[in-house]
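# Okay, predicted coordinates and the sequence, questions at the end:
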Amino acid sequence: MIETQELTRHFKDVRAVQGVNLTVAPGELVALLGPNGAGKSTTLRMLTTLIPPTSGTARVAGFDVVRDQREVRRRIGYIGQGNGAGHSQRGRDELISQGRAYGLKVVAARRRAAELIDSLGLGEVADRTVSTLSGGQRRRLDIAMGLIHAPELLFLDEPSTGLDPQNRANLQEHIVQLRKQHDTTIVLTTHYLDEADSMAERVIVIDHGRIIADDTPARLKTEHVGDRIILGFDHEVDAAAASAGIAHPLHRHGTQLTIAVPNAPRLVPDLLEDLRAAGLAAAEVEIRRPTLDDVFLKLTGRSLREGGAAAETTDRDPALVEA
Amino acid sequence: MSNLVTDTGVVFSRELRPMLRNPFGIVFSMVQPLVFLGLFAPLLPDDLPLQWFVPGIVVMSCLFGTSMTGSNLLFEIQTGSHERMLVTPLRRPALLIGRALKEIVPVVAQAAVIVAICLPFGFELHLGGALLGLVILCVFCLGLGALSYTLALAAKNQEWLFWTVQQTLLFPLLLLAGMLLPVSAGPAWLQALSKWNPLTYVVDAERALFSGDVWASTTASGAIAAAGVGALGLLVGVRAMKRSD
């Protein structure tokens, strides 16, 4: 569905995207994850024909994004960061003119608009001026606009930015449903970790205009970070003694042992049993599974969370960062 | 199948819709010209009758509205709906032409309102001439609207830039065209500048045509000036739209 080769875009001195090679198969749900300014949106803007690449090529839905712009545009849907519907327009009017823009006849455009208004729960607000709608309603309208021609491939640029948690969950539900019911290929950018984690089957981590990792969320976590088992002992000597018998990388801090393992839930029962057998029973145990932020931190040395890296890294265990 | 004409139709009717939904919006953009009509026209000397003044106010009213029309696009660039339309298969020229063509509707509506207001005060309507005058005015405004959109595309996120350029150009053009007072009474340098202003020829043509003087050379020069602005506007505007991201 998407195939890029050394896709590159420079803005004057800024190398926004540097040689991205990306393949997306039909039916995939892919999240491009990265901090602001990483090149996610620029990549998306090239794939949607909004800006031409400086060098490299991209084929989207079977057509070249530079030579066959109209063919690409016909086949893709795009939901940008802003509002697709004009603020001085009415939602239904915009849906109909959007349908006409994709070559639907008036009657068909009307029918399709009514369908989407219904399925996205916009019935009460579709005939109001867009500027009077709430942020969540406007975002649903944007989704409806992007779906008017039932595209085989849908791009969403930061779809849930600015939405409250309830609207965000609602939106994610719509996207997942869309995928299930129509087998639409979906590519979205996000800097929300939980969004990438819960929705995407494949996460592509982008930083400084390059792809630095590309896998399922689960595998990214296992491969790049792994789980941690945190054991608490009653006495420091027990903790020290226990640490000697454990083969995995670990770090001791007082009575607490932090152990880096690939799959904690499977290891914990045996580990506890072994310790008990050795007379070093743990007083408490905690399993910490990594987030995608841990993956990003591991890959780049920086955190994706707002507020930046410094404060986040200090309370992390040095042994594990190296593990 | 779609073509440039149907694409233009889609953009045109989309642009027109908010105006049809709220026709009184047009009146708000006419406040200033109506102020001139009410408070300036009574100050005119006797040798400058209403028949001379009103066509200038019609042009002024259209000039105000049309030169600002780019701000609608500017707003849509900022909110995201312009970007959304750029991703559709609509042909790029249609995105500009459809918008610019829409200007015809407020132009006709404003002319009708102003003429209707002035009729009881002794303004004579010569329908044939007035209609031809409207055609010329529409062509001019099509070009001016396209230039306003070009300015919006160039200004992008710098709203101040759009308004600074628009305001800086608007009043000199308007005064140099002899819209409020005849330039012929002014100094030679001002008359020379006025000859370089295409709007001068449009205003002169409107005055002649609204007085029923159809077969005059002013009609031809007005039509040529309007066609020139129309062609230039579309040419520049379509180029700008093709480069828009």
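Ah, there it is.

# Next one: the nearest residue to residue B:121 once chain neighbours are set aside from residue A:42, what distance?
Using C-beta to C-beta, 6 or more residues apart in numbering or on different chains and skipping residues adjacent in sequence, the residue nearest residue B:121 is residue B:50, 6.0 Å away. Using the backbone N, CA and C atoms, a C-beta is placed for each residue, glycine as well. From residue B:50 over to residue A:42 the distance is 59 Å, taken as C-beta to C-beta, to the nearest Å.

# that older thread, which residues does the residue nearest to residue B:121 contact?
Applying C-beta atoms under 8 Å, 6 or more residues apart in numbering or on different chains, one finds that residue B:50 lies in contact with B:41, B:118, B:121-123.

# and stretch A:238-258, which residues are buried?
Counting neighbours by 16 or more other C-beta atoms under 10 Å in any protein chain shown, one finds that the buried residues in stretch A:238-258 are A:238-239, A:242-243, A:246, A:250-252, A:255-258.

# Likewise for stretch B:185-204?
By neighbour count, and taking 16+ other C-beta under 10 Å as the criterion, the buried residues in stretch B:185-204 are B:193-194, B:197-204.

# Kindly report the same for stretch A:210-217.
Buried residues in stretch A:210-217, defined by neighbour count with 16+ other C-beta under 10 Å: A:210-215, A:217.

# now the buried residues of stretch A:238-258 in JSON lines, with distance to chain B and pLDDT?
Formatted as JSON lines, the entries for these read as follows, by distance: C-beta to the nearest C-beta, whole Å; pLDDT from 0 to 100:
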{"residue": "A:238", "distance to chain B": "60", "pLDDT": "82"}
{"residue": "A:239", "distance to chain B": "56", "pLDDT": "83"}
{"residue": "A:242", "distance to chain B": "57", "pLDDT": "79"}
{"residue": "A:243", "distance to chain B": "56", "pLDDT": "79"}
{"residue": "A:246", "distance to chain B": "54", "pLDDT": "77"}
{"residue": "A:250", "distance to chain B": "50", "pLDDT": "79"}
{"residue": "A:251", "distance to chain B": "48", "pLDDT": "83"}
{"residue": "A:252", "distance to chain B": "53", "pLDDT": "83"}
{"residue": "A:255", "distance to chain B": "55", "pLDDT": "86"}
{"residue": "A:256", "distance to chain B": "50", "pLDDT": "87"}
{"residue": "A:257", "distance to chain B": "52", "pLDDT": "84"}
{"residue": "A:258", "distance to chain B": "46", "pLDDT": "88"}
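
# Among the residues you listed, which one lies nearest to residue A:58?
Distance from residue A:58 was checked for each of the buried residues of stretch A:238-258 by C-beta to C-beta. The minimum falls on residue A:258, at 43.9 Å.

# In the beta-sheet assignment, what are the partners of the closest one?
Going by DSSP bridges, residue A:258 is paired in beta bridges with residue A:230, residue A:251.

# separation between it and residue B:15?
Plainly put, residue A:258 is 63 Å away from residue B:15 if you go by C-beta to C-beta.

# got it, and residue A:13?
Computed as C-beta to C-beta, the residue A:13 to residue B:15 distance reads 38 Å.

# what's near enough to touch residue 63?
You didn't say which chain, so I picked chain A. Under the contact definition (C-beta under 8 Å, 6+ apart), the residues listed for residue A:63 are A:71-72, A:75.

# was after chain B, sorry
The neighbourhood of residue B:63, defined by C-beta under 8 Å, 6+ apart, consists of B:141, B:144, B:170, B:173-174, B:199.

# Which one (most neighbours) among those?
Greatest neighbour count in the contacts of residue B:63, by other C-beta atoms under 10 Å in any protein chain shown, goes to residue B:141: 31 neighbours.

# ok so, going back, okay if I get the buried residues of stretch B:185-204 as JSON lines plus pLDDT and distance to residue B:69?
Formatted as JSON lines, the entries for those read as follows, by pLDDT from 0 to 100; distance: C-beta to C-beta, whole Å:
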{"residue": "B:193", "pLDDT": "90", "distance to residue B:69": "26"}
{"residue": "B:194", "pLDDT": "91", "distance to residue B:69": "25"}
{"residue": "B:197", "pLDDT": "91", "distance to residue B:69": "20"}
{"residue": "B:198", "pLDDT": "92", "distance to residue B:69": "18"}
{"residue": "B:199", "pLDDT": "93", "distance to residue B:69": "17"}
{"residue": "B:200", "pLDDT": "93", "distance to residue B:69": "22"}
{"residue": "B:201", "pLDDT": "94", "distance to residue B:69": "22"}
{"residue": "B:202", "pLDDT": "94", "distance to residue B:69": "17"}
{"residue": "B:203", "pLDDT": "93", "distance to residue B:69": "20"}
{"residue": "B:204", "pLDDT": "92", "distance to residue B:69": "24"}
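
# hmm, back to that, farthest-separated two in the contacts of residue B:50?
For those, with distances taken as C-beta to C-beta, the pair at the greatest spread is B:41 and B:122 (11.3 Å).
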